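> Sequence first, then the predicted structure, then my questions.
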Amino acid sequence: MKTTILSWILRIAVAVILSQTLYFKFTGAEESIYIFTALGVEPYGRIGTGILELITVILILMPRTTIYGALLGSGIMVGAILSHLFVLGIEVEDDGGTLFALANITLFSCLTLIFLNRDKLPNLLKLKL
């Protein structure tokens, strides 16, 4: 019961954070354009990342696919954190490090969801081709 409540809190947190960033990516907000221009992948990187984040939100909210969403979300957030550390800096356009903090919260939440759903990982490794 406690694990289920924690799982839902984490899933909702990830969904809210990623959904919020989707708005900025898909509407072409100045900050999103700045970030992806600095990374050298504007507009395709911005839109592509937005699509992947949307898929993550959908997967993470469905109990049967939470593990897939958490794995995808972890990969996206590792990329975001590395982009902050090596290209963008912790603070982007005077945001006080908010985007960097949200990426870390999302990564931690996804990793915790992977841990909580670790019993489903062996099934991922038994892919039938």
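All right, it came through fine. Numbers count the residues shown, from 1 in each chain.
> Count the residues that sit near F115.
10 (other CB atoms under 10 Å). Where you see a C-beta, it was placed from the backbone N, CA and C, and this is true even at glycine.
> List the buried residues in the helix or strand it falls within.
For F115, the element it lies in under DSSP states H and E is helix 98-116. Across helix 98-116, burial judged by 16 or more other CB atoms under 10 Å covers 99-100, 102-103, 106-107, 109-114, 116.
> got the contact list for it?
Here helix 98-116 makes contact (CB atoms under 8 Å, 6 or more residues apart in numbering) with 3, 6-7, 10-11, 13-14, 17-18, 21, 35, 60, 66-67, 69-71, 73-74, 77-78, 80-81, 84, 90-92, 121.
> send the alpha carbons of it over as CSV?
Taking Å, rounded to 0.1, in the frame of the first residue of the first chain, the C-alpha atoms of helix 98-116 are listed here in CSV:
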residue,chain,number,x,y,z
THR,A,98,15.2,25.9,-11.7
LEU,A,99,15.4,23.8,-14.9
PHE,A,100,18.5,22.0,-13.6
ALA,A,101,16.7,21.3,-10.3
LEU,A,102,13.6,20.0,-12.1
ALA,A,103,15.8,17.7,-14.2
ASN,A,104,17.4,16.2,-11.1
ILE,A,105,14.0,15.8,-9.3
THR,A,106,12.7,14.0,-12.4
LEU,A,107,15.7,11.8,-12.7
PHE,A,108,15.5,10.8,-9.0
SER,A,109,11.8,10.1,-9.4
CYS,A,110,12.3,8.0,-12.5
LEU,A,111,15.2,6.0,-10.9
THR,A,112,13.0,5.4,-7.8
LEU,A,113,10.2,4.2,-10.0
ILE,A,114,12.6,1.8,-11.7
PHE,A,115,13.7,0.5,-8.3
LEU,A,116,10.0,0.1,-7.2
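> Quick one: mean pLDDT over that helix.
For helix 98-116, mean pLDDT rounds to 97.
> Of the contacts of helix 98-116, select the buried ones using a ChimeraX command.
Here is the ChimeraX selection string for the buried members of the contacts of helix 98-116, based on 16+ other CB under 10 Å:
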select :7,10,11,13,14,17,18,21,35,60,66,67,69,70,71,73,74,77,80,81,84,92
